[in-house]
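**Q** Below: sequence and its predicted model.
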Amino acid sequence: MEQLFVIRPEPWHWVTLGFALMVLEIVVPGTLFLWFGIAGVATGVVLLAVDMPTAYQIGLYGLFAVLSYVPVRMYVRRWQKGDLGAAQGLNQRGASLIGQRVGVTEPVVNGFGAAKVGDSRWRIACDEDLETGTSVEVVEVVGSTLKVRRPVGGYTVVGD
């Protein structure tokens, strides 16, 4: 039985498909179309040098799609896991103050007072009453309040 219609993609078909998918990547959010586009262009380039049946072309396209997507995805996942620790303190300035010494600018009475850190005024909480000018160490941050204590060592004020 003779076939009337046979699809036989040419190299330029694959390159055009690849560029169309890359353009679609710009319009549609995500990054999946980019890798399929790269696979299409790579398939077209290989077909310029080697002639092969349609089934092999589709298999080559699938192979290039997997080879272009999987390694990049594995790298991104590894990178995201490694970067997660750094991102946890993002936009949490108070967390970066733990361990620093600050000077009391408003006396601590009944557990609460204030300290100046850089150009900011922070509310501080302490288990004991403290006078203005006392050097304290930040031990914890609860919301916008710094929990402080008298430092174990010397009395150097940092961040004033």
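**A** Alright, I've got the coordinates. As the structure is a computational prediction, the values presented were derived from the model and not from experiment.

**Q** which residues in the protein form strands?
**A** All strands of the chain, identified by DSSP state E, fall at 101-109, 112-117, 120-125, 135-142, 145-149.

**Q** Only the buried residues of the one helix or strand in the chain whose mean pLDDT sits lowest, if you could.
**A** Counting by mean pLDDT, DSSP states H and E, the chain has its least confident helix or strand at helix 54-88, which shows a mean of 81. Residues of helix 54-88 classed as buried by neighbour count (16 or more other Cβ atoms under 10 Å): 57, 60, 61, 64, 65, 68, 69. For the C-beta atoms, the positions are set from N, CA and C on the backbone; glycine is no exception.

**Q** Nearest to residue 43, out of the strands of the chain?
**A** strand 135-142 (55.0 Å; Cβ to Cβ).

**Q** Give the partner strands of the closest one in its sheet and their orientations.
**A** The strands beside strand 135-142 in its sheet (DSSP bridges) come out as strand 101-109 (antiparallel), strand 145-149 (antiparallel).

**Q** now the ones you listed as TSV including distance to residue 92, mean pLDDT and mean neighbour count?
**A** Output for the strands paired with strand 135-142, formatted as TSV (distance: least, Cβ to Cβ, whole Å; pLDDT from 0 to 100; neighbours: other Cβ atoms under 10 Å):
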stretch	distance to residue 92	mean pLDDT	mean neighbour count
strand 101-109	17	91	18
strand 145-149	12	92	19
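
**Q** For residue 33, which of those strands is the nearest?
**A** Closest among the strands paired with strand 135-142, once you apply Cβ to Cβ, is strand 145-149, at 48.3 Å.

**Q** My read is that residue 10 contacts residue 47, right?
**A** Yes: using Cβ atoms under 8 Å, residue 10 is in contact with residue 47, at 7.5 Å.
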